[in-house]
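**Q** Need coordinates for the following:
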Amino acid sequence: MSPHIDHLVFGCPGLEQGCDEIERLLGVRPVLGGSHTGRGTHNALLSLGMGTYLEVIAPDPGQPEPPEPRAFGLDSPGEPRLVTWAARVDSIEATCIAARRCGYDPGPIVSASRALPGDGELKWKLALKRTLPGDGIVPFLIEWGMAQHPSITAPAGCALVDLEAEHPHPEAVQPMLDALGVEIQVSEGGRPALLATIECPRGTVVLS
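**A** Sure, this is the predicted structure:
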């Protein structure tokens, strides 16, 4: 099976600021997902339908500085924006092996988790590089296993219609996408950007 769009990552300096921006743009407010213990971040979530969701992620002021840099460039996040996306796979090990045979290494496979509000923990597997490949256009990989997918419990009301990208050098990005079996249109543009078309209470919105 080809990888499925699992979630879009909307990075921001502060979680409330990011949630305010998403609510302003889409008309639905993300709800608190939880903290990534030891990684220095926390998130809020919004369902995009069909097993897909939007993750608003920011540095967590309630945690000490993490021993390693925060993911997605969140140590210096800049303005809120889509920084990258995740592709869901059934077997992260098999997908990584196949991609490496095609000349692209998705990165090391690691176990990840976050503390849920109130109590409990959600666990999954990731293949994620420190530096975002293709300036965030190339997805990282995620495998949920038996865990409940976040899109089930996140606020509904929005639907992802399309995901495209722009990059100054599409020819450099395309081989990495091909190695992963990912089908996403990458057009030439002045700067790297993800463009997510979303149907929502505000109408049809292109989030970038």
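**Q** just checking, what packs against the helix or strand hosting E171?
**A** Secondary structure from DSSP states H and E places E171 in helix 170-180. Using 3 or more CB pairs under 8 Å, 6 or more residues apart in numbering; DSSP states H and E, the elements in contact with helix 170-180 are helix 92-101, strand 186-188. Placement of C-beta: from N, CA and C, glycine included.
**Q** again, only using 6 Å
**A** Based on contacts counted as 3 or more CB pairs under 6 Å, 6 or more residues apart in numbering; DSSP states H and E, the elements that helix 170-180 packs against are strand 186-188.
**Q** The helix or strand just after the strand it packs on pairs with which strands, and in what direction?
**A** Moving toward the C-terminus from strand 186-188, the next helix or strand (DSSP H and E) is strand 193-200. Using DSSP bridges, strand 193-200 pairs in its sheet with strand 159-167 (antiparallel), strand 203-207 (antiparallel).
**Q** Skipping its backbone neighbours, what lies nearest L207 in space?
**A** Distance criterion CB to CB, 6 or more residues apart in numbering; nearest residue to L207, sequence neighbours excluded, is A196 at 4.6 Å.
**Q** the strands in the protein, which residues?
**A** Here the chain has its strands, by DSSP state E, at 4-11, 31-36, 41-49, 52-59, 81-88, 109-115, 121-127, 140-143, 159-167, 186-188, 193-200, 203-207.
**Q** what residue ranges in this structure score low on pLDDT?
**A** 1-2 (pLDDT under 70).
**Q** what about the residue lying farthest from the centre of it, distance to A94?
**A** With CA atoms, centre = their mean as the measure, the chain has its most outlying C-alpha, relative to the mean C-alpha position, at R101: 24.7 Å. When distances are taken as CB to CB, to the nearest Å, R101 and A94 turn out to be 11 Å apart.
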